[in-house]
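Next one to model:
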Amino acid sequence: MNIKTDLIGEMVSEDFRTAAIFKKYGIDFCCRGGRTIEEACDNKSINIHQVYNELENLPSQSESSIDFKSWPLDLLTEYVEKTHHLYVEEKTPILLAFLDKLCKVHGERHPELYEINQLFNQTAQELSAHLKKEELILFPFIKKMANAKRKGKELDSPAFGSVENPVHMMEHEHTIEGDRFAKIAELTNNYTPPADACNTYRVTYSMLEDFENDLHTHIHIENNILFPKSIQLEKELN
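Next up is the predicted model:
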């Protein structure tokens with residue numbers, strides 16, 4: 001890994017522990033992973049040498065680190081569905097209920113809660129549709145490609161023309177969600193509850209932060225590993 005020339009998404013793919021460092025400095029490694037560290041720091045008041053130093057001083061990886069790049073694409077799609085899609089489906093209704101409650105109880109003293117609630121409601125609606133498009137359209141075709149390569153079969157052309165078409169749509173929607181959660185993080189002061197916060201308030205902010213972290217991992221796996229490898233596989237099969 002060459003931290004000065006490799007793209008951020010590639011570095012996270014090689015060693016996911018680097019994601020925590022990028023998050024610490026507000027560097028987007030999922031939706032905008034196709035940049036070098038220098039490019040990411042160019043328009044921000046980030047000490048690039050501190051970033052380099054922390055990356056260089058990461059200890060050697062343990063054997064338990066997951067190497068998603070080595071996984072078959074069909075297995076990777078199943079992992080994304082059973083881990084990240086399921087997480088969204090389970091946590092979304094809980095967060096919607098908690099945010100509604102916070103607005104009713106604390107909205108007058110903390111009006112930012114109304115905007116946070118509105119933003120997360122948009123995420124809930126659009127992310128639900130996004131996941132279904134992956135599960136019903138994109139992922140089944142990726143699995144067909146993986147099966148065709150494994151068995152040496154010909155691949156029928158999909159109705160959407162090329163896998164690049166739904167991939168680019170998914171990447172665009174990822175960017176929208178990443179930007180929306182960046183705004184939520186800003187409104188919550190990076191998920192720091194106010195001094196008068198009740199337990200529900202604190203739990204809600206903690207859950208929102210966990211939701212964003214899971215979303216970043218989810219988008220990283222797709223944007224930086226699953227999607228590029230799917231595009232490459234389609235070219236090989238054709």
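
Show me the strands in the protein, by range?
For the chain, applying DSSP state E gives no strands.

where does it have low pLDDT?
Along the chain, the parts satisfying pLDDT under 70 run over 60-65.

make it 90
Within the chain, the ranges that satisfy pLDDT under 90 run 1-5, 8-35, 39-47, 55-69, 150-159, 199, 238.

which residues does the closest residue to Cys41 other than its chain neighbours contact?
The spatial neighbour of Cys41 that comes closest, neighbours along the chain excluded (CB to CB, 6 or more residues apart in numbering), is Ile48 at 4.6 Å. No exception for glycine: its C-beta is placed from N, CA and C like everyone else's. Going by CB atoms under 8 Å, 6 or more residues apart in numbering, Ile48 touches 37-38, 41.

ok, Ile48 to Glu10 distance?
Ile48 is 18 Å from Glu10, where distance means CB to CB, to the nearest Å.

Likewise for Tyr201?
Per CB to CB, Tyr201 is found 39 Å from Glu10.

Equivalent analysis for Leu155, please.
27 Å.

Could you do Lys91 as well?
29 Å.

So for the two, which residue has more residues nearby?
With neighbours defined as other CB atoms under 10 Å, Lys91 and Glu10 compare such that Glu10 has more, 19 against 15.

show me what contacts the closest residue to that one other than its chain neighbours?
Distance criterion CB to CB, 6+ apart; nearest residue to Glu10, sequence neighbours excluded, is Asn224 at 7.0 Å. Neighbouring residues of Asn224 by CB under 8 Å, 6+ apart: 9-10, 12-13, 30, 33.

farthest-separated two in these?
Glu10 and Cys30 (12.6 Å; CB to CB).

Contacts only, for Ile94.
So Ile94 contacts Met207 (CB under 8 Å, 6+ apart).

At which residues are the helices of this structure located?
For the chain, the helices defined by DSSP state H occupy 8-14, 18-24, 37-41, 48-56, 73-79, 86-106, 112-133, 139-151, 164-187, 199-221, 227-237.

Dump those to TSV, plus distance to Pro193.
Shown next, in TSV, are those (distance: least, CB to CB, whole Å):
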stretch	distance to Pro193
helix 8-14	29
helix 18-24	19
helix 37-41	29
helix 48-56	27
helix 73-79	33
helix 86-106	10
helix 112-133	11
helix 139-151	37
helix 164-187	12
helix 199-221	5
helix 227-237	36
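
what's the most buried one of those?
Highest mean neighbour count of these: helix 8-14, a mean of 22 (counted as mean count of other CB atoms under 10 Å).

Now do the residue nearest to Glu10 against Thr217, distance only.
11 Å.

Identify the contacts common to those two.
Cys30.

how far away is the residue nearest to Cys41 from Pro59?
For Ile48, the distance to Pro59 equals 22 Å [CB to CB].

again, but for Asn190
26 Å.

which one of these two has more residues nearby?
It is Asn190, of Asn190 and Pro59, that has more neighbours when counted by other CB under 10 Å, with 10 against 6.

mind listing what that one touches?
Glu209.

CA atoms only: put stretch 127-139 into CSV for me.
Taking Å, rounded to 0.1, in the frame of the first residue of the first chain, the C-alpha atoms of stretch 127-139 are listed here in CSV:
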residue,chain,number,x,y,z
LEU,A,127,-32.8,3.7,0.8
SER,A,128,-35.6,1.2,0.9
ALA,A,129,-36.2,1.6,-2.8
HIS,A,130,-32.4,1.5,-3.4
LEU,A,131,-32.0,-1.8,-1.6
LYS,A,132,-34.9,-3.4,-3.6
LYS,A,133,-33.3,-2.3,-6.9
GLU,A,134,-30.1,-4.0,-5.8
GLU,A,135,-31.9,-7.2,-4.6
LEU,A,136,-34.2,-7.5,-7.6
ILE,A,137,-32.2,-6.2,-10.5
LEU,A,138,-28.5,-5.7,-10.0
PHE,A,139,-27.5,-8.5,-7.6
